[in-house]
Each structure stands twice: as C-alpha cells, then as structure tokens.
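# Here's a sequence, model it:
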Amino acid sequence: MGSFGKQSNEKDHAMTSERQIAANRRNAQRSTGPRSPEGREISSRNSQRHGVLSQRVTTDIEENELYERMLNGFMDEYGPRSETEILLVERLANLFWRERRLIQTERSQLSLQQSDIYAASMAKDQSLTLTDQLLIGRYQTMLTNQINITISQIERLMQREAAE
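Numbering: from 1, shown residues only. Coordinates of the predicted model:
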C-alpha cells in the first residue's frame, strides 16, 4: 500500500486531466472579462471589498489625491533612502489612512444614530453602543501601536545609516 491517491489507475488520471484541460479551454473562450473601460474600472475594484489584497488604498479620485499628498508629505519628512525605508514610510501612510477611515466611520455611525433617534423622537442617548465604542477603541489602540512601532523602525534605520 502506498500513500493516499496512488491506488488510482494512471490512465484514468491522464484522461481526467485531458478532459479538464479541454473544459477549461472552452470556458476560457466564453469568459473574456470586461471589455469597456468602465467595466475594467469596476472590475479593478473587485478585491477592494475586503481591502486586504487591494492594491488601492483609497476609493475615489478625491481621496486618492489627499492620500498622495499625505504620502508625499511623509516621504519629504523622512526622506527614505533604502527600499526598506520607503516601504516603512508607505506603511506609516497606510496606517494613518486607516486611522482616518476609522474616525470617519465612527462619525458616520454617530450621525446615523442621531438621525434614527431624531426620527423616533427619542433623543435620550446619542452615543454609540458600548460594544461599538469598545471595538472602535480596540482598533484605534491597535493602529496607534502600529504607527508608533513603524515610526520607531524608520528612526532606527535612519540612525543606523547615519552612523555608518
């Protein structure tokens, strides 16, 4: 007895692969992706849903300009010379951008609650729930810690380079 999967007949395995390759080729001919510039633009934002694999940090042109100004400001301030320093400065800009987004989300949630409370004529509590406050506080603390760590890493690298 060998390892799992070695009991199958090699001829069956080769036929399955050939059939699968043919099916893949047929499917690929039908699926050509978006053709118009608008469709390509929409498609390029597919991975933004969760943001983890997204190559974009911002969601629109106006935000992109603001982000670029912030990133360029950090580049001017720290003057990175090595690839590592550049990546750390970019990370710093991304962390500050996430912090900004978190604050905007908190404001948005407060605004929604206030309008809901107003609509219901129950202006007792105009704050976020305790769970929401704790979650936002947790994210804020995490971002602040990551920002401080990144700044320390940049400064250590620059001090090391200055000493050399």
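# ok, then the element right after the helix or strand of the chain with the lowest mean pLDDT?
None of the helices or strands of the chain scores lower by mean pLDDT, DSSP states H and E than helix 37-44, at a mean of 66. Of the helices and strands lying after helix 37-44 in sequence (DSSP states H and E), the nearest is helix 61-78.
# For that following helix, the averaged confidence score.
Averaging pLDDT along helix 61-78 yields 91.
# Need the contact partners of that helix.
56-58, 85-86, 89-90, 92-93, 96-97, 154, 158 (C-beta atoms under 8 Å, 6 or more residues apart in numbering). Every residue, glycine included, has its C-beta placed from N, CA and C.
# For that helix, list every residue counted as buried.
The neighbour-count check on helix 61-78 (16 or more other C-beta atoms under 10 Å) flags Tyr67, Met70, Leu71, Phe74, Tyr78 as buried.
# Dump those to TSV, plus distance to Gln133.
As requested, those are exported to TSV (distance: C-beta to C-beta, whole Å):
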residue	distance to Gln133
Tyr67	27
Met70	27
Leu71	30
Phe74	30
Tyr78	33
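# Find the pair from those with maximum spatial separation.
Tyr67 and Tyr78 (16.5 Å; C-beta to C-beta).
# which residues of this structure score low on pLDDT?
1-16, 31-33, 39-57, 115-128 (pLDDT under 70).
# which residues of it fall in helices?
10-30, 37-44, 61-78, 83-119, 130-163 (DSSP state H).
# Please name the nearest non-neighbouring residue to Pro80.
Ile86 (4.5 Å; C-beta to C-beta, 6 or more residues apart in numbering).
# no, scratch that, I was asking about Gln146
Per C-beta to C-beta, 6+ apart, closest to Gln146 is Leu95, 5.3 Å.
# So that neighbour is in contact with Ile147, correct?
Yes - contact criterion C-beta atoms under 8 Å: Leu95 and Ile147 qualify, at 4.9 Å.
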